[in-house]
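Novice: quick one, what's the 3D model for this:
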Amino acid sequence: MGRKTTHGLYGQNKKDFTVSLTPEGAEILDSRAKALGISRSELIERIARTHLMSPSEKRILGEQLAS
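Specialist: I've put the predicted structure just below:
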């Protein structure tokens, strides 16, 4: 089944899921992840946490990570 990896920064288990992209989209994702020195998974995590969260959710997350 799915792996149970706890991410140290976020303190949560990761959940496996499948994403389908066009070849160009996959290239862009891989290129950005490589340029940042992170995995595709971490890049998607960062996009979700920074671009898809409301300002109040970001504030709450920041407070949780600070403690």
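Novice: can you report phi and psi for K14?
Specialist: Torsion angles at K14 (phi, psi; degrees, to the nearest 10) stand at phi -80, psi 150.
Novice: now the strands for this protein?
Specialist: For the chain, the strands defined by DSSP state E cover 6-7, 12-13.
Novice: what's the least confident stretch among these?
Specialist: Ranked by mean pLDDT, those end with strand 6-7 at the bottom, a mean of 62.
Novice: I'd like to know which elements the longest helix that the chain contains is packed against.
Specialist: Assignment by DSSP state H gives helix 23-36 as the longest helix of the chain. Applying 3 or more C-beta pairs under 8 Å, 6 or more residues apart in numbering; DSSP states H and E, one finds that helix 23-36 makes contact with helix 40-51. For every residue, glycine as well, the C-beta is placed using N, CA and C.
Novice: and the helix it packs on, what does it pack onto?
Specialist: Here helix 40-51 touches helix 23-36, helix 55-66, going by 3+ C-beta pairs under 8 Å, 6+ apart.
Novice: cutoff 6 Å now
Specialist: If you count contacts as 3 or more C-beta pairs under 6 Å, 6 or more residues apart in numbering; DSSP states H and E, helix 40-51 packs onto helix 23-36.
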